[in-house]
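In: Let me see the structure of the following:
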Amino acid sequence: MDSKIRPPAWQTLLAFAIIYFVWGSTFLAIRIGVREVPPFLLASMRFLAAGLVLYGWMLAKGERSPSVRQWMSASLLALLMFAIAYGILFWAEQRVPSGIAAVILATIPVFMALSEIVILRTQRLSIRLALALLIGMGGVAVLMSRSLNLGGAPIDRAGAIALIFGAVSWSVASALTRKLPLPPSKVMSAGVQMLAGGVMLAVAAAALGELRSFRPQAVSREAWLALLYLIVAGSIVGFTAYVWLIHHESPTKVGTYAYVNPVVAVLVGYFLGGEALGLRTVLGTLFVLISVMVITTARAKQPAPAPATENAS
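Out: Numbers count the residues shown, from 1 in each chain. Got it, this is the predicted structure:
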């Protein structure tokens, strides 16, 4: 493939629009869904369906099924990313507005930087990174604080703490992704991770008794449409656009979704979901986004030169 061939501008703009606006709007879709469907069960249905589609698509294209070792690695990542991080997100959106949930999860790059310091050792804890961490946590504190007189009720503390834990889990998984043996195809890798995560979430739903209390006939068309949107637009179309972009644009440009998604989620939640948008939300969001921008524009430590016989992949 000639990496210098540029795709049409409209394709690039469409892909960015998808990862900006579709991914940003999935937070409201989750909130709509969990009003009627138990959270872990809803998450399980989303990722089982999307994982089966992506996995089946890759097999149909002639891609080899992952080895046992690759399945084990994918399952570990699925536990951290889908069973824990996404499971927490779906659970927390019963207690926290969708826009605020997106803002708190926007701290993932902050914790990824910490993971790179501790696990990968590609970053050093500089004053800049430490300040970014403090600003990001300050934003979350603004959203949670009961002492600051900023108008609007503070968000549910248990939900906020759970979301922070989910962000940490996702960041650790992101660091481990660079160390674990995974399928070379990013789509196949994502498919098996979603599939494994969907199974784990189904087990969690059964263990928590969600299957016993679930009545499909009582679920409204709105909730089913929200689930369909999460599966098709959020997981299948969104991830395909993301994989396409990282092959055609710089990681820095593609990574801008990390601070566009929360803004989109807050605005979608306000205009379509009737969620509050007061000074507390604006300040908390601003602090978190400043933190993310500082982190994502920081330069990683340059690795030692590789021996001549090694090739970058």
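In: List the buried residues of the helix or strand harbouring residue 268.
Out: Following DSSP states H and E, one finds residue 268 within helix 257-271. Of the residues in helix 257-271, those scored as buried under the neighbour-count criterion (16 or more other Cβ atoms under 10 Å) are 257-270. Where you see a C-beta, it was placed from the backbone N, CA and C, and this is true even at glycine.
In: got TSV for those residues, with distance to residue 126 and pLDDT too?
Out: As requested, the buried residues of helix 257-271 are exported to TSV (distance: Cβ to Cβ, whole Å; pLDDT from 0 to 100):
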residue	distance to residue 126	pLDDT
257	25	88
258	20	83
259	20	83
260	26	92
261	26	93
262	24	93
263	27	93
264	30	95
265	30	95
266	30	94
267	33	95
268	35	96
269	34	95
270	36	95
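In: Quick check: of the residues you listed, which lies closest to residue 77?
Out: Checking the buried residues of helix 257-271 against residue 77 with Cβ to Cβ, the nearest one is residue 258 at 18.8 Å.
In: wait, what's in contact with that closest one?
Out: Contacts for residue 258 (Cβ atoms under 8 Å, 6 or more residues apart in numbering) come out as 106, 108, 109, 292, 296.
In: Relative to residue 5, which of these is nearest.
Out: Closest approach between the contacts of residue 258 and residue 5, by Cβ to Cβ: residue 296, at 27.2 Å.
In: Might one say that that closest one is in contact with residue 253?
Out: No: with contact defined as Cβ atoms under 8 Å, residue 296 does not reach residue 253; the gap is 10.8 Å.
In: okay, those two: which has more neighbours?
Out: Each of residue 296 and residue 253 has its neighbours counted (other Cβ atoms under 10 Å); residue 296 has more, 18 against 13.
In: now the more buried one: how far from residue 256?
Out: Per Cβ to Cβ, to the nearest Å, residue 296 is found 8 Å from residue 256.
In: overlap in contacts of the two?
Out: With contacts defined as Cβ under 8 Å, 6+ apart, no residue is adjacent to both residue 296 and residue 256.
In: What count of nearby residues applies to residue 184?
Out: Neighbours of residue 184 using other Cβ under 10 Å come to 12.
In: no, scratch that, I was asking about residue 125
Out: Residue 125, neighbours per other Cβ under 10 Å, totals 12.
In: and if you look at residue 133?
Out: 19.
In: From residue 21, how far off is it?
Out: Noted for residue 133: a distance of 28 Å to residue 21, by Cβ to Cβ.
In: can you pull the contacts of the nearest residue to residue 255 once chain neighbours are set aside?
Out: Distance criterion Cβ to Cβ, 6 or more residues apart in numbering; nearest residue to residue 255, sequence neighbours excluded, is residue 296 at 5.4 Å. Contacts for residue 296 were tallied using Cβ under 8 Å, 6+ apart; they are 109, 252, 255, 256, 258, 259.
In: ok so, going back, next secondary structure element downstream of the helix holding residue 268?
Out: Going down the chain from helix 257-271, the next helix or strand is helix 279-296, by DSSP H and E.
In: Now the buried members of the contacts of residue 258.
Out: Buried among the contacts of residue 258 (16+ other Cβ under 10 Å): 106, 108, 109, 292, 296.
In: from those, which is closest to residue 140?
Out: When the buried ones among the contacts of residue 258 are compared for distance to residue 140, the smallest value, 9.8 Å, is given by residue 106; criterion: Cβ to Cβ.
In: contacting residues around that closest one?
Out: Under the criterion of Cβ under 8 Å, 6+ apart, the contact list for residue 106 reads 258, 259, 261, 262, 288, 289, 292.
In: I'd like these written out as TSV, with distance to residue 162 added.
Out: Compiled in TSV, the contacts of residue 106 are given as follows (distance: Cβ to Cβ, whole Å):
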residue	distance to residue 162
258	20
259	22
261	19
262	17
288	17
289	21
292	20
